[in-house]
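> predicted model, plus sequence, below.
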Amino acid sequence: MSYLFLWIAIALAALFFDMLTSAFLFIWFSAGSLVAIIAYFLGAAFITQFLLFIIVSTILLIIGYPIVKKTIKKTVPKTLKQEEGYIGREFLIDEDVIEKAIMKVDGIYWTVKNDGEAINKGDRIKIIGLEGNKLVVKKI
C-alpha cells in the first residue's frame, strides 16, 4: 500500500475537522501531512515520513496555535453575558434596599446588592457591577 494515500487522508481529515470546529487546532496536522507527502515523493522511508509528520505538526501546533488563538481573540468582539449588558443602566427602584433586595430587570428577577447609602423606594439607582449572580447597585 502506498503511504501517499495515508498522508492525503490525514491532511483532508484534519482540514475537515478544522472547518467543522473552527478551532484552528487540526490545520497543523495538515501541514505535517504535506511535509510527509514531500518526503514521500523524495523517496524517504515511511519512518522518516512519520517522524517528519510528528515533528512538523508538533512544532506548528506549539508555535502557531497560540498565535492564531490570540489573533482571533483580538478580532472577534466579546459577546457579553446578559447581566453584563445591564451595567450602567439606571432604574427607579420599587422597594427599599438596605443590603440586598429583589428587582425586576427586563422581565427577569435579580438579586441586587446595595453598594452605598440606603436606597428608598422610588429612588434612582444605577447598576455599577456584578458580584457572582447579583447586580451591584448604587443610589444616584
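On my side now, so go ahead.

> next SSE after the helix or strand harbouring residue 111?
For residue 111, the enclosing helix or strand under DSSP states H and E is strand 108-114. Downstream of strand 108-114, the next assigned helix or strand under DSSP H and E is strand 124-131.

> partner strands of the strand holding residue 111, with direction?
strand 100-105 (antiparallel), strand 134-139 (parallel) (DSSP bridges).

> go through those and find the least confident stretch.
Lowest mean pLDDT of the strands paired with strand 108-114: strand 100-105, a mean of 88.

> just to revisit the earlier point, any idea which of the strands paired with strand 108-114 is most buried?
Neighbour counts (mean count of other Cβ atoms under 10 Å) averaged over each of the strands paired with strand 108-114 peak at strand 134-139, with a mean of 18. Every C-beta, even on glycine, is put in place using the N, C-alpha and C of the backbone.

> and the helix or strand harbouring residue 47, what's buried?
Taking DSSP H and E as the criterion, residue 47 maps to helix 46-75. By 16 or more other Cβ atoms under 10 Å, the buried positions in helix 46-75 come out as 49, 50, 52, 53, 56, 57, 60, 61, 65.
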